[in-house]
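Student: Any chance you can model this:
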Amino acid sequence: MARLPTYFVSHGGGPWPWMREQYGPAYDQLAASLAAMRVEAGNTVRAVLVVTAHWEAPQFMVSSGAAPGMIYDYGGFPPHTYQITYPAPGEPALAQRVAGLLDAAGFPTGLDAERGFDHGTFSMLYPVYPEARMPVVQLSLRRDLDPATHLAAGRALAPLRDEGILIIGSGLSYHNLRQFGPNGREASRDFDGWLQHTLLERDPAQREQELLRWDTAPQARAAHPREEHLIPLMVALGAAEQEAAACVYHEDAFMGNLTVSSFRFGPPPSA
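Tutor: Below is the predicted model of the structure:
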């Protein structure tokens, strides 16, 4: 089985795939990049592991239910967005495998059979697998949001790439909701420039060291007042830490003002 790449994706805001009437073409580029991810990964994918910015716990947790429900973890959206369903199956055996790999690496990990899909998972996956038949398992962040811990967790999960598991870190390259508009233009641009340089131009050892001190980057705390939407990047990169990165989505006027990006680590199987 061909080794799969990993991804860090900027997952957009709320239930955007179901809000075309409200947003118009604002999300067209992001949607196209997510659809392209399915093509890049090819037909060897047998399940998806989503490292979601919308789930934190004292220790790593893995969703282990066979039929996950829905978590509408947003507010102020149209009524129909609280009726969305994304009926992808879970995969309890994969959840056990993920927990086993993390346990073996020294990270005690729990299983949560009741955890449903949050919008960092279902909104992002809908453009990739709209038929909702691909099995999906979610991995939480550890609440300390320590970059080194999450890089190491990614290393522990790297064997999954040879087992048909597509690892996706779901967050946002810029996440400051108080400045999600014109006031975020400069911070998102500057931080994204640093991210592009670090991920695409540094060698693997330098890249890791830069990410460990990400909060010293230009406009770091203006872009991420709290880093939960950045930390999924660490897991995705840790699972492919010696491999080249590619920018697979980039806009410098997202929602009119913001610079946002997504990245792939490792070549697609067909490359």
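Student: just checking, what packs against the host helix or strand of residue 54?
Tutor: Residue 54 belongs to strand 47-57 when assigned by DSSP states H and E. Judged by 3 or more C-beta pairs under 8 Å, 6 or more residues apart in numbering; DSSP states H and E, strand 47-57 is in contact with helix 92-104, helix 119-125, strand 136-142, strand 165-171, helix 232-238. Quick note: C-beta positions are derived from backbone N, CA and C, even for glycine.
Student: Which strands border the helix or strand following the longest one, and is each parallel or antiparallel?
Tutor: The C-terminal neighbour of helix 92-104 among helices and strands, as given by DSSP H and E, is strand 109-112. In its sheet, strand 109-112 lies beside strand 60-63 (parallel), with partners assigned from DSSP bridges.
Student: Name the residues that touch the partner strand?
Tutor: 55, 90, 95, 98-99, 102, 107-113, 115-116, 137-142, 153 (C-beta atoms under 8 Å, 6 or more residues apart in numbering).
Student: Next, the buried residues of that strand.
Tutor: For strand 60-63, a neighbour-count test (16 or more other C-beta atoms under 10 Å) marks 60-63 as buried.
Student: do the same with stretch 16-24
Tutor: Applying 16+ other C-beta under 10 Å to stretch 16-24 flags 16-19, 23 as buried.
Student: any idea how far the nearest residue to residue 14 once chain neighbours are set aside lies from residue 119?
Tutor: Nearest non-adjacent residue to residue 14, counting by C-beta to C-beta, 6 or more residues apart in numbering: residue 74, 4.3 Å away. Distance of residue 74 to residue 119, given as C-beta to C-beta, to the nearest Å: 6 Å.
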